[in-house]
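Novice: coordinates only, sequence not included:
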């Protein structure tokens, strides 16, 4: 009975903050332009990596949602370093996880957690980018050694290349010009290029042809040179707000609620049955941090769901530094993420990725323990103090609403699964 009581208490404590985070995350998802990421993360460099880390930090994506987003980002032209930084910072922190961290771990953890996540993303992105540049340099050197040098007067000439646009007429291929070619300047001047928007046809063909930029073009056909832009329907503010709430209450909550419930149950289980002295014997130092890293790698968990688990570890006597290491390494080093890194960025990038994430997590873990010891920062769940932050009636109403939304999603998943099973039998 104590287990259920502690679980419900933690659920009510987290509900209003989680709903606030979900709502802010929905607003970010709706109001952030669709081409914003590709426009700012398409180039290599340190500044691009820093921007990717800061863009991904407040993103409303968990460990499962960030994987397809990162794949699309990479295939849209983003650099390896930017993709890595986005892949690390997005699941490690977010507006929802920061709000839950504030109430379950205290204000100090709510501040240092996003800072550590952004730094971890930048370090991992820079290491992956450096490894990529080194690999490219080695490949280029190997290709140069295996390739025979060719003189400019070599008898072998490259095959002519022709480019055709949607509007240009087929023209004879222009041969490549070498320093030993006997072709005269007049012959070179005779070759004319036809642009996509040229209104002049080839002089060799007498019959008139219509260009893609001709004023008498058919209105229904879209030209590559047309300046007309399709008109977009302007969405009202109420429509955007409705879409943000729909995203928060459906897709985002569906992605996070299972592990959130598991995390809350784990925290309640630890609070009920595990004595504080059990884990406190190895709850600090490098050993505890390495143990939580080994535990976090097989877990498929997001930043929000890792917070109540971290609170349970903290209640068991684990040091705040080891708790922070768990919250950083857990969302970023799961098996699925490492598989995506190896497939999209290369196997060498996996090593650089792990070194960047784990080394930064350990560094901030030691820094957290030092600050807590030297300056007396309080890192503790705000259990029993929620009346000082929010009134009990607000926590109760938020808990009822959140539980109703979760039951609704569970019912939808059950009905969808049963309908698919019925169709397969039929």
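Specialist: Received, thanks. On a predicted model such as this, the values are computed, not experimentally measured, just so you know.

Novice: counting residues per helix, which one in this protein is longest?
Specialist: Of all the elements of type helix in the chain, the one with the most residues (DSSP state H) is helix 107-146.

Novice: packing partners of that helix?
Specialist: For helix 107-146, the helices and strands in contact under the criterion 3 or more Cβ pairs under 8 Å, 6 or more residues apart in numbering; DSSP states H and E are helix 46-56, helix 80-92, helix 95-105, helix 320-332, helix 347-375. To be clear about C-beta, it is placed using only N, CA and C from the backbone, and glycine gets the same treatment.

Novice: the closest residue to residue 314 other than its chain neighbours: how many residues sit nearby?
Specialist: Closest residue in space to residue 314, ignoring its immediate chain neighbours: residue 323 at 5.2 Å, by Cβ to Cβ, 6 or more residues apart in numbering. Burial of residue 323, expressed as a neighbour count using other Cβ atoms under 10 Å, amounts to 30.

Novice: same deal with the one 5 residues further on?
Specialist: For residue 328, the neighbour count with other Cβ under 10 Å is 30.

Novice: again, but for the one 5 residues further on
Specialist: Neighbourhood size, residue 333 [other Cβ under 10 Å]: 24.

Novice: list the contacts of it.
Specialist: With contact set as Cβ atoms under 8 Å, 6 or more residues apart in numbering, residue 333 has these partners: 293, 296, 297, 354, 357, 358.

Novice: hmm, the fifth one is touching residue 332, no?
Specialist: Yes: counting by Cβ atoms under 8 Å, a contact exists between residue 357 and residue 332, whose distance comes to 5.0 Å.

Novice: between the two, what contacts are shared?
Specialist: Contacts common to residue 357 and residue 332, judged by Cβ under 8 Å, 6+ apart, are 88, 120.

Novice: give me the more crowded residue out of the two.
Specialist: Under the criterion of other Cβ under 10 Å, the comparison of residue 357 against residue 332 puts residue 332 first, with 31 against 27.

Novice: from residue 20, how far off is the more buried one?
Specialist: 24 Å (Cβ to Cβ, to the nearest Å).

Novice: where does the prediction get shaky in the stretch 1-150 of the chain?
Specialist: Counting by pLDDT under 70, the low-confidence segments of the stretch 1-150 of the chain come to 32-38, 42-44, 60-65, 72, 76, 132, 135-139, 146-150.

Novice: pull out the buried positions in the longest helix of the chain.
Specialist: Residues of helix 107-146 classed as buried: 108-110, 112-114, 116-129, 131-132 (neighbour count, 16 or more other Cβ atoms under 10 Å).

Novice: what do you get for stretch 368-380?
Specialist: With burial defined by 16+ other Cβ under 10 Å, the residues of stretch 368-380 counted as buried are 368, 369, 371, 372, 377, 379.

Novice: now pLDDT too, for the residues you listed, in JSON lines please.
Specialist: Below are these laid out as JSON lines (pLDDT from 0 to 100):
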{"residue": "368", "pLDDT": "94"}
{"residue": "369", "pLDDT": "92"}
{"residue": "371", "pLDDT": "93"}
{"residue": "372", "pLDDT": "92"}
{"residue": "377", "pLDDT": "88"}
{"residue": "379", "pLDDT": "84"}
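
Novice: out of the residues you listed, which comes closest to residue 286?
Specialist: Distances from these to residue 286 were compared by Cβ to Cβ; the smallest belongs to residue 369, at 10.5 Å.

Novice: quick check: closest non-adjacent residue to that closest one.
Specialist: By the measure of Cβ to Cβ, 6+ apart, the closest residue to residue 369 outside its immediate chain neighbours is residue 321, 3.7 Å from it.

Novice: residue contacts, the one you found?
Specialist: If you count contacts by Cβ under 8 Å, 6+ apart, residue 321 has them with 284, 289, 364, 365, 366, 367, 368, 369, 372.

Novice: hmm, 6 Å instead?
Specialist: With contact set as Cβ atoms under 6 Å, 6 or more residues apart in numbering, residue 321 has these partners: 365, 366, 368, 369.

Novice: which residues touch the first one?
Specialist: Contacts of residue 365 were listed using Cβ under 6 Å, 6+ apart, and they are 289, 321, 324, 325.

Novice: and the furthest pair within those?
Specialist: Based on Cβ to Cβ, the longest span within the contacts of residue 365 runs between 289 and 324 and measures 9.0 Å.

Novice: more neighbours: which of those two?
Specialist: With other Cβ under 10 Å as the criterion, residue 289 and residue 324 differ in neighbour count, and residue 324 comes out ahead with 29 against 25.

Novice: my guess is that one meets residue 368, correct?
Specialist: Yes: counting by Cβ atoms under 6 Å, a contact exists between residue 324 and residue 368, whose distance comes to 5.0 Å.

Novice: greatest separation within the contacts of residue 333: which pair is it?
Specialist: Taking Cβ to Cβ as the measure, those reach their widest spread between 296 and 354, a distance of 12.1 Å.

Novice: neighbour-wise, which of the two wins?
Specialist: Legend: neighbour count by other Cβ under 10 Å for residue 296 and residue 354, higher for residue 296 (22 against 19).

Novice: look up how far residue 313 lies from the more buried one.
Specialist: Plainly put, residue 296 is 11 Å away from residue 313 if you go by Cβ to Cβ.

Novice: now do residue 249
Specialist: When Cβ to Cβ is the yardstick, residue 249 and residue 313 sit 30 Å from each other.

Novice: re earlier: ranking the helices and strands packed on helix 107-146 by burial, who's on top?
Specialist: Each of the helices and strands packed on helix 107-146 was assessed for mean neighbour count using mean count of other Cβ atoms under 10 Å. The highest is helix 80-92, with a mean of 31.
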